[in-house]
Structures are given as C-alpha cells and as structure tokens.
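1. model the following, please.
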Amino acid sequence: MKRGLVLIAILPVVLLMLMGLKWVKLTPEGEKVRVLEANEVATCKKLGRTNVSLRAKVGILKRKEAKVREELSVLGRNSAAEMGGDTIVGMTADIGEGKQTFAVYKCVNPGS
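-> From the prediction side, this is the model:
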C-alpha cells in the first residue's frame with residue numbers, strides 16, 4: 001500500500017520534469033538556418049514550405065508553450081537545411097496542438 005502512495009506522489013514530479021526537457025535536437029546543418037520575419041526575405045529565393053509537429057502534451061499535462069514553440073522552430077530549421085534552405089519564416093502556428101508551418105528560403109547566394 002505504501003509503495004502505491006509513494007508512486008502516486010512521485011509521478012506528478014516526474015511528469016513535470018519531463019515537460020521541461022528538450023526533446024528535439026538541432027542538427028549541425030540546422031544550426032546554419034536563420035529564423036526571420038516575412039519582411040526580411042524580399043531578396044531571397046523561396047524553396048517551398050515545411051510542416052513540422054511534435055507532442056504538445058505529456059499524458060494529460062500540456063507542455064510549456066515557449067518550449068513547444070522553440071522545438072517547432074528547431075524542427076523547422078532542421079527540415080529547411082535538408083531542403084537546401086538557409087532561412088525559415090513562420091507561416092502558421094498551432095502551438096497548442098504542437099504544429100507549425102514554415103516557408104523555406106535560400107537567402108545566401110539565392111541565384112545558385
């Protein structure tokens with residue numbers, strides 16, 4: 001009986017710790033990708049877009065919105081690098097659902 005009570009007491013603490021963990025890692029290629037605003041990419045070549053998603057909840061608990069937003073940006077940067085892009089611009093965001101769409105651009109030497 002005591003073991004069950006201890007588990008019940010510890011479980012919320014463990015879940016809160018997991019909610020603060022960084023789940024997504026920036027690749028070396030993704031590190032080179034910038035996040036800009038739409039008005040900053042006028043001279044860039046648009047390559048397309050990428051849709052990224054991740055878990056916004058751990059069990060029934062919502063993860064911190066700032067952490068979800070940061071990790072979506074990391075996923076967007078990694079994906080843009082795979083597409084040959086060097087810049088992303090957020091297009092849509094459903095942070096609460098863990099989804100975001102980014103436009104992917106090539107701004108450094110856009111003609112090559």
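
2. now the residue nearest to the spatial centre of the chain: which helix or strand?
-> By C-alpha atoms, centre = their mean, the chain has its centre lying nearest to Leu72, at 1.2 Å. Using DSSP states H and E, Leu72 sits in helix 65-82.

3. that helix - what's its average pLDDT?
-> Mean pLDDT, computed over helix 65-82, is 95.

4. now do the buried residues in it.
-> 67-68, 71-81 (16 or more other C-beta atoms under 10 Å). All C-beta atoms are positioned from the backbone trio N, CA, C, and that covers glycine.

5. so where do the strands sit in this protein?
-> Ranges of strands in the chain, per DSSP state E, are 34-35, 45-53, 57-58, 61-62, 87-94, 99-106.

6. re earlier: distance to Gly59 added to the buried residues of helix 65-82, as a markdown table?
-> What follows is the buried residues of helix 65-82, written out as a markdown table (distance: C-beta to C-beta, whole Å):
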| residue | distance to Gly59 |
| --- | --- |
| Lys67 | 16 |
| Val68 | 15 |
| Glu71 | 18 |
| Leu72 | 20 |
| Ser73 | 24 |
| Val74 | 23 |
| Leu75 | 22 |
| Gly76 | 26 |
| Arg77 | 28 |
| Asn78 | 26 |
| Ser79 | 27 |
| Ala80 | 31 |
| Ala81 | 32 |
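
7. from those, which is closest to Val33?
-> Among the buried residues of helix 65-82, Arg77 lies closest to Val33 (C-beta to C-beta), at 4.0 Å.

8. just to revisit the earlier point, okay but the residue nearest to the centre of the chain is in contact with Thr101, surely?
-> No: in this structure Leu72 lies outside contact range of Thr101 using C-beta atoms under 8 Å: 9.7 Å.

9. need the overlap of contacts for these two.
-> Residues touching both Leu72 and Thr101 by C-beta atoms under 8 Å, 6 or more residues apart in numbering: 52, 93.
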